[in-house]
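S.K.: return a 3D structure for these sequence lines:
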Amino acid sequence: MQIERMPLPGIGVGYTLHTGEGQVIGVVCHRGGRRDVVVYAPGDPDTVERSVALSPTEAQEVAELLHPIATIDHVTHLERHREAISVVELPVTAASPYDGRTLAEAVARIHGVSVVAVVRDGRTVTAPGLGHVLAHGDVLIVAGGQQSIEALSRALIHTDP
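M.R.: Numbers count the residues shown, from 1 in each chain. Now for the predicted structure:
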């Protein structure tokens, strides 16, 4: 599945995807935080058949139901000294503001975490440099303190970096 991201001047950002059954749905992320879930008319990608406006809180709840993007998956067999450090997997989602931006930008204001690897399309890049460009579908392997990991997780999903 491919998700297309398109700037919407004066509005925000729009995301569109085609389902396996041929339906086209989208999400319009308004600058003020509101999200509209839209269903396009069959065969006409410019005509919105239905639209549902969601507040930022409602959008977050629906997103968690559809895909737990904020879930931190522990890599338990790699964790050592649980009180001091954890090793987790953090996904870079299609809605991440860091899709297409460097690792340095993603971790710039977060202390106490190290990105030890990036998994992309089944391949692992160990010790990625700060210039490594992140992409939707990447999974970051992160080591650090719990609070720092949670801060990075929030940054990866927050729509206004």
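S.K.: list the buried residues of the longest strand along the chain.
M.R.: Scanning the chain for the strand with the most residues, using DSSP state E, yields strand 44-54. Residues L54 are the ones in strand 44-54 that count as buried (16 or more other C-beta atoms under 10 Å). C-beta: built from backbone N, CA, C; applies to glycine.
S.K.: next: stretch 9-26.
M.R.: When neighbours are counted by 16+ other C-beta under 10 Å, the buried residues of stretch 9-26 are found to be 12-16, 24, 26.
S.K.: verify the stated contact: E89 with I141.
M.R.: Yes: E89 is within contact range of I141, at 6.1 Å (criterion: C-beta atoms under 8 Å).
S.K.: neighbour count winner among these two?
M.R.: Neighbours per residue, other C-beta atoms under 10 Å: of E89 and I141, the larger number sits with I141, 20 against 15.
S.K.: name the element the more buried one belongs to?
M.R.: When secondary structure is defined using DSSP states H and E, the element that contains I141 is strand 139-144.
S.K.: one more: E21?
M.R.: With secondary structure defined by DSSP H and E, E21 is part of neither a helix nor a strand.
S.K.: ramachandran coordinates for it?
M.R.: Recorded main-chain torsions at E21 are phi -90, psi 10, according to degrees, to the nearest 10.
S.K.: for it, report the pLDDT, please.
M.R.: Each residue has a pLDDT score; the one for E21 is 86.
S.K.: low-confidence stretches in the chain?
M.R.: Regions of the chain meeting the criterion pLDDT under 70 cover residues 1, 64, 67-83, 159-161.
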